[in-house]
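In: how does the following fold in three dimensions:
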Amino acid sequence: MQRGTNNRFKRNFLILAISLLLSGSGAANAEGNATAGPVAIKSTQDLVNWMTFYYMHPQPDLLVPALMFADQNGMVQQGEAPLTAFVSRLFAQNPKRLGVWLEQLDALTPKSKPMLWSSLWWSGTVESKEALNKLLVKLPPKSQDYLMSQMAKPAEPIEEMEIKSPAVLDELWGAFSATGDDKYIVRLMTALPWIYDASGDFNKLSIGGAARWSLASNAQQHPKVMKLCLKAKETKPELRKALELVLADAAKTPEGNQQAVTRTAQ
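Out: Presented below is the predicted three-dimensional model:
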């Protein structure tokens, strides 16, 4: 899996579809839309809404058209971290559909294939491992080397990864969007104290700021995220001060909050 840098953090907030997903503002006006997912992936907003609220309204039938749309519009590489984590969870949830999906996704352009392989590896199912082994023998030597180096070690659970770059936050949000599992948000919250880091470590400050703003924005539209923030404020003293800021940010209008996110990213 390719890890991001501070520059990637800046880019992620400026890339239309993926930045909207991560900051939460992509569907900030979609509280009503959350009651039903899109019937097809025909636009960037369809893709964003499908991913953002997937855990509330699973639509695995849209996986292939969603990835083809992202591929055709140059979003796969730009949003590789959250997309890979998201797709890996769908693969894990639907192991019996892998065969058909992979046949259809063979139409992805070569530049998007590594995301697909990483998603299979990260899903950690028996079916995914078998699919990777079958793919391996069909790939050119360079791609075989890439895949074999990745398969040489077990995939680390997303919720246990060291948060050493903003890309890991992206991956946590991608996994949460696919599953709605609290563990991804709980893990992301551990980066919040870094907004007070006095060591001058810009990377930590950037990660802490990204955690703060993404939690606030998503708390505005996801009651589940808001509930987790409120609970952690009362049960985790080490996070209380930072979570008070998150909740204050979440009380702002979505438009005002997004402006603050953009300023922070710049």
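
In: would you mind measuring from the most centrally placed residue in the chain to residue 77?
Out: With the centre of the chain defined as its mean C-alpha position, the nearest residue by Cα atoms, centre = their mean is residue 174, 2.2 Å away. Distance, residue 174 to residue 77, using Cβ to Cβ, to the nearest Å: 15 Å. No exception for glycine: its C-beta is placed from N, CA and C like everyone else's.

In: so for stretch 252-266, mean pLDDT?
Out: For stretch 252-266, the mean pLDDT works out to 48.

In: give me the distance between the closest residue to residue 67 other than its chain neighbours and residue 80.
Out: Nearest non-adjacent residue to residue 67, counting by Cβ to Cβ, 6 or more residues apart in numbering: residue 105, 6.2 Å away. According to Cβ to Cβ, residue 105 stands 15 Å off from residue 80.

In: and residue 74, what are its phi and psi?
Out: Phi and psi for residue 74, reported as degrees, to the nearest 10, are phi 70, psi 20.

In: how many other residues sit next to it?
Out: Residue 74 has 14 neighbours, counted by other Cβ atoms under 10 Å.

In: next one: residue 98
Out: Residue neighbour count, defined by other Cβ under 10 Å, stands at 18 for residue 98.

In: separation between it and residue 200?
Out: To residue 200, residue 98 is 46 Å away according to Cβ to Cβ.

In: list the contacts for residue 182?
Out: 224, 228 (Cβ atoms under 8 Å, 6 or more residues apart in numbering).

In: if we can go back for a sec, so for residue 105 and residue 80, which sits in the more crowded spot?
Out: More neighbours surround residue 80 than the other of residue 105 and residue 80, with 24 against 19 (other Cβ under 10 Å).

In: just the pLDDT for that one.
Out: Looking at residue 80, its pLDDT is 87.

In: show me the shaky parts of the stretch 101-250 of the chain.
Out: Judged by pLDDT under 70, the stretch 101-250 of the chain has no weakly predicted residues.

In: show me the helices in it, by range?
Out: Here the stretch 101-250 of the chain has its helices, by DSSP state H, counting those that start in this stretch, at 113-123, 126-136, 141-151, 166-179, 182-189, 202-221, 223-235, 237-250.

In: identify, out of these, the most deeply packed stretch.
Out: helix 166-179 (a mean of 26; mean count of other Cβ atoms under 10 Å).

In: tell me how far that one lies from the chain's centre.
Out: Mean-position distance between helix 166-179 and its chain equals 3 Å (Cα atoms, centre = their mean, to the nearest Å).

In: likewise for stretch 137-150?
Out: Centre-to-centre, stretch 137-150 and its host chain are 25 Å apart (Cα atoms, centre = their mean).

In: just the C-alpha atoms of it, please, in PDB.
Out: Extracted C-alpha coordinates of stretch 137-150, given in PDB (Å, rounded to 0.1, in the frame of the first residue of the first chain):
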ATOM      1  CA  VAL A 137       0.400 -16.100 -12.800                       C
ATOM      2  CA  LYS A 138      -1.300 -13.900 -15.400                       C
ATOM      3  CA  LEU A 139       0.600 -10.700 -14.600                       C
ATOM      4  CA  PRO A 140       3.800  -9.400 -16.300                       C
ATOM      5  CA  PRO A 141       7.000  -9.800 -14.200                       C
ATOM      6  CA  LYS A 142       7.000  -6.200 -12.900                       C
ATOM      7  CA  SER A 143       3.400  -6.500 -11.600                       C
ATOM      8  CA  GLN A 144       4.200  -9.900 -10.200                       C
ATOM      9  CA  ASP A 145       7.100  -8.500  -8.200                       C
ATOM     10  CA  TYR A 146       4.800  -5.700  -6.800                       C
ATOM     11  CA  LEU A 147       2.100  -8.200  -5.800                       C
ATOM     12  CA  MET A 148       4.500 -10.800  -4.400                       C
ATOM     13  CA  SER A 149       6.200  -8.200  -2.200                       C
ATOM     14  CA  GLN A 150       2.800  -7.200  -0.800                       C
END
